[in-house]
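[1] Sharing a sequence plus its predicted fold:
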Amino acid sequence: MAAAMALVRGVRFGSYSIGRSRSLIFNSLQRRGIAACVDPSIGLTDEQKEFQKVAFDFAANEMAPHMAEWDQKEIFPVEAMRKAAQLGFGGIYVNPDVGGSGLSRLDTSIIFEALSTGCVSTTAYISIHNMCAWMIDTFGNNEQREKFCPDLCSMQKFASYCLTEPGSGSDAASLLTSAKLQGDHYILNGSKAFISGGGDTDVYVVMCRTGEKGPKGISCVVVEKGTAGLSFGKKEKKVGWNSQPTRAVIFEDCAVPVTNRLGAEGEGFSIAMKGLNGGRINIASCSLGAAHASVLLARDHMCVRKQFGETLSNSQFLQFKLAEMATKLVASRLLVRQAAVALQEGRPDAVSLCSMAKLFVTDECFAICNQALQIHGGYGYLKDYAVQQYVRDIRVHQILEGTNEVMRMIIARSLLTES
Amino acid sequence: MSARVLVGVKRVIDYAVKIRVKPDRTGVVTDGVKHSMNPFCEIAVEEAVKLKEKKLVKEVVAVSCGPQQVQETIRTALAMGADRGIHVEVSGKDYETLGPLQVSKILAALAKKEQADLIILGKQAIDDDCNQTGQMTAALLDWPQGTFASEVNIEADKLKVVREIDGGLETIKINLPAVVTADLRLNTPRYATLPNIMKAKKKKIANVKPADLGVDVSSRLEVLKVDEPPQRQAGVKVETVHDLVGKLKEAGRI
């Protein structure tokens, strides 16, 4: 068993135990002698390659060595995320004037894809945090931007996105959390479910009902932790995404200043959906990173594991399986990057393309990771091996930020509605 | 202090790549293989940038010799905090045979041209493991050298260098200008930050040819062949200490 583990992890450069904690074990994920066909740096500009390199290095050194521990002990890695924020990963597509890095959606996708190879769950939380910071940056007025964004970009404070409720998931516009205007405050009543980071984060971007039924009655307010009437449910026990706590967020006569409302009353749903377009690209990018790592792990395993007198890499069935996985990976990557460019340019197909990317990529990448687990045989089922964590962590990507069923609704509507 | 530091950075095959020897045994496969900055050069850049942050030096200049691709390596140095770069164009056969003697001549010429006060290099490159460039550069310039540095401090106009040697640690004080070569424990190189990567785009990289510096890059060495190391043989298990001593004597080891 130990021998098999050593084989799978590969032999590294003997004499150079470089100062940074480049763990022997996890460097097999960062094998840079990587086949050109799945190389994620193909087609990128020199600058994008630099961004990607920093993200890959950070993932290999600061995240991958802890990925299993964060999952098993359910640790919210605040220090590691703050280190990431120091490099500019706290507000990647937020304006530099409030502390963001001002990069494009494509740059963001490339970065999250690379970070995800180090820990999907943590990267996914960082992407949600980024989405919230962007929403405040884009739809907030100057006071709000200056009050919240710098701390979010540095991750001095962490953010959560609160849309889903126990009674409204896919049917998000039917949300019930009410916000009644009383003087210069909204009084919030209701609860949100499955909130990533809930209870441990500081800034809550909350979609609540200020007006009539349906999407047009929804507004977006920013609620700070410590506000009276804001409380949290128990920490949920999940199959994956364990490095981020998930809790219900409960509002009981919670008074929020009107000055914390982003945009005008009734604009909340639109703000939420615009945030999600980018969020969908980010989540798909996280799935890509997991699939990329899994393809490499499967390939490496096939080269060392022997059965029937030869390595698995000699089995035509497995060669074909690996080829299919690689093809799906590259197709997924191209779709996500196209969607990112479309969103950046504000193209008319952007929303549909983001939905298509989220739908296709989360499904395909889960299949890739699952197949990689199968290729590992019994070892794939053990928590000593990273592949099972990739499978568990990205399974939820097919559900949140809009289920893949809702993605189909969006795409079908765009096909069937006259433009 | 108005010191200028020259840092040499070498583009090498990435440390994580599995090296393969070319079928004609004239070298290793480099086409399509991932390259990056030599890890010891990263440490050298980090030290130079640290000195600049402590306001002990004014300007950090990153230098690399090679074909167009080495500009990537210079950009990485710029993203870590170097102020400008110099690309010494060497390509084709000249690049294949470029070695420490030629590079040290280039660095010596540049040090004079740029009026550098300090040269920081990695102690050796991970592709050829020569461990010669720093020493040769110091000799050509007739400057003192602090090699295998694990700590560097500027005190007045002298350099205090703690060197890692076989017997332990040696501390020397040398005059500036000097050459320092970085060893593993000198520092932990920083990650480039996203804003610094973007700023690096605007920093200048000057192009220069060896001939402009009066350097002849032809090599005095000829590589005859390159082979993989012999396959590791299986060991033998022995039952007692007696057997072990017997086997060692048989193998002529004791």
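    Right, received. Where do you want to start? Since this is a predicted model, take the numbers as computed values, not measurements.

[2] how close does the residue of the stretch 51-200 of chain B found nearest chain A sit to residue A:85?
    Of all residues in the stretch 51-200 of chain B, the one sitting closest to chain A is residue B:194 (3.1 Å; Cβ to the nearest Cβ). All C-beta spots, glycine's among them, are computed from the backbone N, C-alpha and C. Per Cβ to Cβ, to the nearest Å, residue B:194 is found 11 Å from residue A:85.

[3] List the buried residues for stretch A:77-96?
    Neighbour counts over stretch A:77-96 (16 or more other Cβ atoms under 10 Å in any protein chain shown) mark A:77, A:80-81, A:83-85, A:87-95 as buried.

[4] ok, now stretch A:181-196?
    A:185-196.

[5] Now flag whichever of those residues is closest to chain B.
    For the buried residues of stretch A:181-196, the nearest to chain B is residue A:196 (23.4 Å; Cβ to the nearest Cβ).

[6] which residues does the closest one bridge with?
    Beta bridges link residue A:196 to residue A:246 when assigned by DSSP bridges.

[7] Quick check: it vs residue A:400, distance?
    Distance from residue A:196 to residue A:400, by Cβ to Cβ: 8 Å.

[8] quick one: residue B:151 and residue B:164 touch, right?
    No. Residue B:151 is beyond contact range of residue B:164, at 9.4 Å (criterion: Cβ atoms under 8 Å).

[9] Enumerate the residues of the stretch 101-250 of chain B near chain A.
    By Cβ under 8 Å from any Cβ of the partner chain, the part of the stretch 101-250 of chain B that sits against chain A consists of B:126, B:184-185, B:187-189, B:191-195, B:197-198, B:200-201.

[10] at 10 Å what do you get?
    When proximity is defined as Cβ under 10 Å from any Cβ of the partner chain, the stretch 101-250 of chain B approaches chain A at B:126, B:129, B:184-198, B:200-201.

[11] which residue ranges form the helices in the stretch 151-254 of chain B?
    For the stretch 151-254 of chain B, the helices defined by DSSP state H, counting those that start in this stretch cover B:194-202, B:241-250.

[12] average pLDDT across the longest one?
    Model confidence over helix B:241-250 averages 92 on the pLDDT scale.

[13] ok, now the first one?
    Across helix B:194-202, the average pLDDT comes to 93.

[14] same thing with stretch A:254-268?
    Stretch A:254-268 comes out at a mean pLDDT of 97.

[15] So which bits of that stretch are buried?
    Neighbour counts using 16+ other Cβ under 10 Å place A:254-256, A:258, A:260-263, A:265, A:267-268 of stretch A:254-268 among the buried residues.

[16] and the residue of the stretch 301-419 of chain A nearest chain B?
    residue A:303 (10.5 Å).

[17] quick one: what helix or strand has that residue in it?
    Using DSSP states H and E, residue A:303 falls within helix A:268-304.

[18] coming back round to it: could you export the buried residues of stretch A:181-196 as TSV, including pLDDT?
    Shown next, in TSV, are the buried residues of stretch A:181-196 (pLDDT from 0 to 100):
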residue	pLDDT
A:185	97
A:186	97
A:187	98
A:188	98
A:189	98
A:190	97
A:191	97
A:192	98
A:193	97
A:194	97
A:195	97
A:196	97
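
[19] Can you tell me which of those residues comes closest to residue A:328?
    residue A:196 (26.9 Å; Cβ to Cβ).

[20] In contact with that closest one, which residues?
    By Cβ atoms under 10 Å, 6 or more residues apart in numbering or on different chains, the contact set of residue A:196 is A:121, A:124-125, A:127-129, A:159-162, A:241, A:244-247, A:396, A:400.
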